[in-house]
Structures are given as C-alpha cells and as structure tokens.
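J.: Just need the structure, nothing else, for what follows:
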Amino acid sequence: MPEPTPPEHRLPGAGRTPEDGAIADTGMGGAMDLATAEGETLEKPSDGTQGTGPTEKARSLWSDAWRDLRRNPVFIIAGLVILFLVVISLWPGSITWMSPLKCTLSKAQEGSQPGHPFGFDGQGCDVYTRVVYGARTSVTVGVLATLGVALLGSVLGGLAGFFGGAGDSVLSRITDIFFAIPVVLGGLVLLSVVTSNTVWPVIGFMVLLGWPQISRIARGSVITAKHNDYVQAARALGASHSRLLLRHIAPNAVAPVIVVATIALGTFIALEATLSYLGVGLKPPTVSWGIDISAASPYIRNAPHALLWPSGALALTVLAFIMLGDAVRDALDPKLR
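T.: Numbering: from 1, shown residues only. Sure, this is the predicted structure:
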C-alpha cells in the first residue's frame, strides 16, 4: 500500500472538494488557489446574466434631441432671452410702473433721467415703458401667426401628401400662386383697406400668405414617411387612414415643421414691425416696436435713443427665435449627428 504524500509535497489545492475552493492554471506551469466565490466569478457574471451586460433603454428621436439641446449653449442663451420676453409680455407691470400711453410733452426728446433709463420719445412718452409693452404685441402676433400657419399648412400639406392624386396637384399649383405674391407688397394692398386697430387683421394676413411654406414642408415629410416599412405593415394589418396619419406618420413627419415654424416666428415678428412702420400694420394707440421706430425716424439726429432702443429690442427678439430654430434643427436632423 503506497504511503500518503506528505502535506508539504502536495500541490496547492490537491485533494480539495469543489466546496473548498477552485484551482486556476497560471499558464506558467503552476497553479493558483482561488476562493470559492472568486472561482464562481470567473464562470458567470456577478449580476446573474449570461455575459450580455446590462441592457440600456432605447432612446427616441425626441429624447436624443432634448439631450443635445440641453448641451447646446446657443439653445440655452436663446431660450433664456425668449423666456424673459414671455415673462414681460405676460406681466409687463412687474418691471415697469408707468403707462405706455402717459406722455409729457414738455419732456419730448429728452435723454436718460433717473427713473427713465431710456429717455423720452418725440411725444414725451417713456421709451423704456413702451419698449416693455411693445414686447407683448410682438410676441402675441408672432406666436398666434405661427400657430395658425403651422396648423393650416400642416393639415393641408399632410393630407395632400398622404392621399396624392388630383388634390395634391391642385394644392401644389395654389402654393405656387401664393409664393409669387411679394409679402410686403401684399400687405400694403390687403391691409390698407382695413380700419381695425386690433392685431387680428395682421395675424390673418400672415396666416394667409405664410401657410404655403409649411404646407410644402409637411407634404414632403408625409410622402417620405408613408413609404417606410412600419407604415406599410400597419396598412397591411388593416389600419385606417386616420390611424396611419395620427399614430404612425405624423409623429415622424412633424420634426421639420417644428423647425421651420420656430424660425418663421421670428420672421413674423419682423414682418409685423415692417408693416407697422409702413403704416398698414398695427395702428395707434396700440403699442408696437414698428410704430415707435416709424415715429422716431424723423428726429433720429436729435433723439437717436428713441429709435435705437425699440430697434435693438426688435433685433434681439428676432435673433433669439432664429437661433432657437437653428438649435432645434441641429438637434432634430439625423443627418447632422
């Protein structure tokens, strides 16, 4: 009967049961003694999966776009400026204590004074107060005109792109006619016969001449989306036209419309100021940057501040919306990723 091997001549781990530990080859002719838990770690991941690792939740186009926008300084700056404009448009009395219609003729064309940082215009009205209240008019006209243009253009363009046929051809010819009309000239002709002092005629004019651009964008987006495989699969399963448009096509075709509408908002604000400057847009006593710029133009040499402050506010507002539109376009366009 062979004698047992002395303990000092045994290999490390020899004679152990699987419960005692595990032996791992070092690759250099020796062995390494591992604890049971460490040996099990080499065989399977500690999280109990089969080595696939943690699964990450799939992100949508909108979540990726929001993540990119939060990291874009252009979007942050433009968003802060627009937020400030919205706040003073809703609550102008929070940063000014005077009425924009209260004027003192004896102070006409005077410069900056304590309590009146922007000075006075040609009628003795406080320029600072009129600039603040003018933001309400410009933002209101821009937002309402953009909503009307986006809604009308998206509906007409989306239906034409989805159904096609004679309706699509007729709509294309109608949009060509509207594209041939100069916007400013059309405003001079159409608004010159309007006597209302409200903002609705100006908004209606902008919607009338602004919807063809959104319609073209929506039509092209719907035509591209309706040929995708998931739309064809839903159609084969018996989905109705309304379900295809609202559930499958519209969510994937609305991104270009949002981008164009955001940029167009700033354009509509500038257009309102242009028409008011020419005397066919908003009319006194409505407070508007375009009206103030027009009234201050004759005495620009004597009181340049009355012209520069509303002009600067208008330029800053339009620039903020254009920058916001550019940031949204970069975030939603997959070709720019």
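
J.: For the rest of this, base every contact and every neighbour count on C-alpha atoms.
T.: Fine.

J.: which residues does Val202 contact?
T.: Val141, Leu191, Glu272, Gly281, Leu282 (CA atoms under 8 Å, 6 or more residues apart in numbering).

J.: Apply 10 Å and report the result again.
T.: 141, 145, 187, 190-191, 194, 196, 208, 268, 271-272, 275-276, 280-282 (CA atoms under 10 Å, 6 or more residues apart in numbering).

J.: What is the nearest of those to Pro100?
T.: Nearest to Pro100 among those is Leu282, at 15.6 Å by CA to CA.

J.: hang on, the earlier thing: which among the contacts of Val202 end up buried?
T.: Buried members of the contacts of Val202, scored by 16 or more other CA atoms under 10 Å, are Val141, Ala145, Gly187, Leu191, Phe268, Leu271, Glu272, Leu275, Ser276, Val280, Gly281, Leu282.

J.: from those, which two are the most distant?
T.: Ala145 and Val280 (16.9 Å).

J.: Can you list the residue ranges for strands in this structure?
T.: For the chain, the strands defined by DSSP state E cover 22-25, 31-34.

J.: quick one: Leu237 from Asn197, how far?
T.: Going from Leu237 to Asn197 by CA to CA, to the nearest Å gives 54 Å.

J.: which of the two has more neighbours?
T.: Asn197 (14 against 9; other CA atoms under 10 Å).

J.: is it true that the more buried one touches Thr286?
T.: Yes - shown here, Asn197 and Thr286 form a contact pair, counting by CA atoms under 10 Å, at 7.1 Å.

J.: Can you give me the distance of Ser242 to Ala250?
T.: Ser242 is 10 Å from Ala250, by CA to CA.

J.: neighbour count winner among the two?
T.: Each of Ser242 and Ala250 has its neighbours counted (other CA under 10 Å); Ala250 has more, 19 against 10.

J.: Which residue comes closest to that one once chain neighbours are left out?
T.: Sequence neighbours aside, Val222 is the residue nearest to Ala250 in space, at 7.4 Å (criterion: CA to CA, 6 or more residues apart in numbering).

J.: If you average the pLDDT over stretch 270-281, what comes out?
T.: Taken as a whole, stretch 270-281 has an average pLDDT of 93.

J.: CA atoms of it as PDB?
T.: Extracted in PDB, the C-alpha atoms of stretch 270-281 (Å, rounded to 0.1, in the frame of the first residue of the first chain):
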ATOM      1  CA  ALA A 270     -40.100  91.300 -38.100                       C
ATOM      2  CA  LEU A 271     -42.900  91.400 -40.700                       C
ATOM      3  CA  GLU A 272     -45.300  92.900 -38.200                       C
ATOM      4  CA  ALA A 273     -42.800  95.600 -37.300                       C
ATOM      5  CA  THR A 274     -42.200  96.300 -41.000                       C
ATOM      6  CA  LEU A 275     -45.900  96.600 -41.800                       C
ATOM      7  CA  SER A 276     -46.500  98.800 -38.800                       C
ATOM      8  CA  TYR A 277     -43.500 101.000 -39.800                       C
ATOM      9  CA  LEU A 278     -45.100 101.400 -43.200                       C
ATOM     10  CA  GLY A 279     -48.400 102.400 -41.600                       C
ATOM     11  CA  VAL A 280     -50.600  99.500 -42.700                       C
ATOM     12  CA  GLY A 281     -50.000  97.100 -39.800                       C
END
